[in-house]
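> I would like to see how this sequence folds:
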Amino acid sequence: DVPTSERHPDLASPLYGRLVEVILKRVAYPPSFVSWEEELDVDEADFEEMRRLATDVLVGAYFLMRAGYLEKLAGVILSAKQNGGAGVGTSNGGGAPSNDQHYH
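Model prediction:
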């Protein structure tokens, strides 16, 4: 392991910023999501496993990026809300669940 302070600047915040964007897209519910019984394109077990595995990476990204992480997160949420809430777990717009059981 190379300490963060010794890494090239391009391998810190910019890299993790892009990683956060990619992960947040992967862990969002599909735009057409209504229920797992009706979802044909995404396997529920694979989706939940991806969300579980992404947690550690997102926490690490937060500690590296701090305010930049929160800005990325806010940008993704605002973008999703502007698109009808699709994929955002805190909104019923777009059919995404609003209960907290999916955010472990």
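> buried ones in the longest helix belonging to the chain?
The single longest helix within the chain, with elements called by DSSP state H, is helix 44-65. Across helix 44-65, burial judged by 16 or more other Cβ atoms under 10 Å covers Phe47, Arg51, Ala54, Leu58, Ala61, Tyr62, Leu64, Met65. Any C-beta I mention is one placed from the backbone N, CA and C, and that applies to glycine too.
> and the furthest pair within these?
Farthest pair in the buried residues of helix 44-65 (Cβ to Cβ) is Phe47 and Leu64. Separation: 25.8 Å.
> want to throw the buried residues of helix 44-65 into CSV with distance to Pro30 and pLDDT?
Formatted as CSV, those follow (distance: Cβ to Cβ, whole Å; pLDDT from 0 to 100):
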residue, distance to Pro30, pLDDT
Phe47, 9, 96
Arg51, 13, 95
Ala54, 16, 95
Leu58, 20, 95
Ala61, 23, 93
Tyr62, 25, 95
Leu64, 29, 90
Met65, 27, 93
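> of these, which is the nearest to Leu11?
Nearest to Leu11 out of the buried residues of helix 44-65 is Leu64 (Cβ to Cβ; 10.2 Å).
> over to the residue nearest the centre of the chain: give its phi and psi.
By Cα atoms, centre = their mean, the chain has its centre lying nearest to Leu24, at 2.0 Å. Reported as degrees, to the nearest 10, the phi and psi values for Leu24 are phi -60, psi -30.
> what sits against the nearest residue to Leu19 once chain neighbours are set aside?
Nearest residue to Leu19 in three dimensions, chain neighbours excluded: Ala61, at 6.3 Å (Cβ to Cβ, 6 or more residues apart in numbering). Applying Cβ atoms under 8 Å, 6 or more residues apart in numbering, we find Ala61 in contact with Tyr16, Gly17, Leu19, Val20, Tyr69.
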